[in-house]
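Asks: Would you be able to build a 3D model of this:
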Amino acid sequence: MDTKRVMTETLEDLVDKELKQFIWQLCNGVTAGLEPIPRAKLQTSDREDVVDCVVKHYPDDAGKITVQALRNMKQNELAKRLQIKLQEGQQPVQEVTRSAPESMDLQPIQSDWHRPCNIAACSQEFKDRLLTQERKDVYIPTSRSQRKGLALLITNIAFDHSSNRNGAEKDEENIEWLLRALGYSVEKHRNLSGKAISEAVKNFSKHSGHRDSDSTFVVMMSHGKRIENKDAILGVHYHTNNTGDVFFVEDIFSHLNSVNCPALIEKPKVILVQACRGRDVGGVYVSDSAFESDSWVHKEKDFVCFMSTLPDVYAYRDPANGSFFINYIVDVFSTSAYKYDIMEMFRRVASRMENDPRFIHEQQILPCIERTTLVRKFYLFPGL
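Replies: Predicted coordinates:
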């Protein structure tokens with residue numbers, strides 16, 4: 001898609017007086033914290049020159065900033081048309097009917113589930129109202145960057161001595177789609193050793209892009225086990241004679257904490273882990289009786305870790321369609337992120353999985369929230 005052309009065509013609908021108002025927005029900062037464009041660079045009435053200047057000054061977010069400037073001018077219809085055109089060339093995002101029955105939201109997914117075609121978009125009105133009425137209770141997006149941030153995705157599929165994780169390719173495809181649709185830039189790795197996983201997470205923690213982000217995701221999918229009561233992600237070379245080829249989940253927290261990743265202080269850090277945590281089947285028969293600053297900060301805060309199963313329990317995966325945990329996350333986030341914070345979505349994943357008829361008798365599975373230090377509500381605001 002030619003973003004410049006679409007933006008220029010939109011500005012053609014403004015009369016000269018309105019174009020001056022648009023330029024005034026750019027010179028005075030479209031939103032709080034956004035660096036304005038120097039007035040000297042916008043001494044023109046040529047719409048193509050204005051667009052060139054916006055794209056040069058905001059190379060990653062020119063379209064979004066133009067939409068916001070139009071909204072500030074009460075040119076809401078024009079802003080909506082531009083937003084739709086910009087989205088047509090990006091991840092599929094669409095507005096959805098907000099009147100779907102609540103009970104339908106909590107139904108288990110079907111055995112023939114497929115990833116939704118679109119992610120339901122949040123309305124600007126909902127976002128503005130929420131950030132106004134609940135400002136102290138919500139993680140505020142980084143307005144100057146107009147973007148979500150970075151995501152790290154590590155998927156181990158092929159192992160030297162263990163069974164391959166058939167279906168994990170589908171998980172990788174689905175979760176990458178979801179993260180990109182939510183606005184994250186995804187750094188992807190596949191088939192790593194334990195040491196390589198550690199290096200990838202460490203390097204990710206040093207990424208300069210975190211400074212301008214408002215949150216981050218780390219997703220790990222592999223074989224796993226409990227070692228001395230700690231969750232371990234198995235590297236692709238793991239074997240009874242090479243038991244050191246592991247990465248401990250707790251090390252993610254160490255790499256991304258306030259000491260080692262100050263750029264993510266006061267920003268949500270979401271960790272998703274699809275891996276076994278032991279060899280138990282999960283079910284049991286029970287009888288009737290029975291932020292960077294000079295000031296002091298918390299060493300570790302604003303984390304949430306959602307794991308595919310309880311400690312010591314298997315995680316289940318369909319060899320054709322991928323893991324149930326990832327399927328549910330993609331489905332819930334795609335349909336509900338426009339109105340719910342992340343903790344409520346995790347609850348809905350767990351609630352739906354609890355009622356899934358495919359998990360019967362001893363083969364039970366229930367995801368688990370671990371080591372959570374979120375102190376406010378974290379909304380993803382898809383589409384904005």
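Asks: Tell me which helix or strand Lys20 sits in.
Replies: Using DSSP states H and E, Lys20 maps to helix 16-28.
Asks: typo on my end, Lys170
Replies: Lys170 belongs to helix 168-181, assigned by DSSP H and E.
Asks: ok, back up a step: list the buried residues of the helix or strand that the helix holding Lys20 is followed by.
Replies: Next along the chain after helix 16-28, taking DSSP H and E as the criterion, comes helix 47-57. Within helix 47-57, the residues scored as buried using 16 or more other Cβ atoms under 10 Å are 47, 50-55, 57. To be clear about C-beta, it is placed using only N, CA and C from the backbone, and glycine gets the same treatment.
Asks: same question, stretch 218-227
Replies: Buried residues in stretch 218-227 (16+ other Cβ under 10 Å): 218-226.
Asks: for the chain, which spans come out with low pLDDT?
Replies: Applying pLDDT under 70 to the chain picks out residues 1, 32-33, 87-105, 143-147, 280-295, 360-363.
Asks: where's the residue lying closest to Met73 once chain neighbours are set aside relative to Leu11, distance?
Replies: Nearest residue to Met73 in three dimensions, chain neighbours excluded: Gln21, at 5.3 Å (Cβ to Cβ, 6 or more residues apart in numbering). Using Cβ to Cβ, to the nearest Å, Gln21 is found at 11 Å from Leu11.
Asks: Those two: who's more crowded?
Replies: For Gln21 versus Leu11, the count of surrounding residues by other Cβ atoms under 10 Å is larger for Leu11: 20 against 16.
Asks: need the contact list for the closest residue to that one other than its chain neighbours.
Replies: Leaving aside its chain neighbours, Leu11 sits nearest to Arg47 (4.3 Å; criterion: Cβ to Cβ, 6+ apart). By Cβ atoms under 8 Å, 6 or more residues apart in numbering, the contact set of Arg47 is 8, 11-12, 14, 19.
Asks: Next, the contact list for Ser351, please.
Replies: With contact taken as Cβ under 8 Å, 6+ apart, Ser351 is in contact with Leu106.
Asks: What of Gln124?
Replies: Applying Cβ under 8 Å, 6+ apart, the residues contacting Gln124 are 71, 384.
Asks: distance of it from Gly383?
Replies: In terms of Cβ to Cβ, Gln124 sits 9 Å off from Gly383.
Asks: now the strands for this structure?
Replies: For the chain, applying DSSP state E gives strands covering 93-94, 119-120, 149-155, 184-190, 215-221, 224-227, 230-234, 246-248, 269-274, 303-307, 317-318, 322-323, 368-370.
Asks: for the fourth one, packing partners?
Replies: Looking back up the chat, that one is strand 184-190. strand 149-155, helix 168-181, helix 194-205 (3 or more Cβ pairs under 8 Å, 6 or more residues apart in numbering; DSSP states H and E).
Asks: Check which helices and strands the shortest one sits against.
Replies: Right, strand 149-155. Using 3+ Cβ pairs under 8 Å, 6+ apart: strand 149-155 touches helix 168-181, strand 184-190, helix 194-205, strand 215-221.
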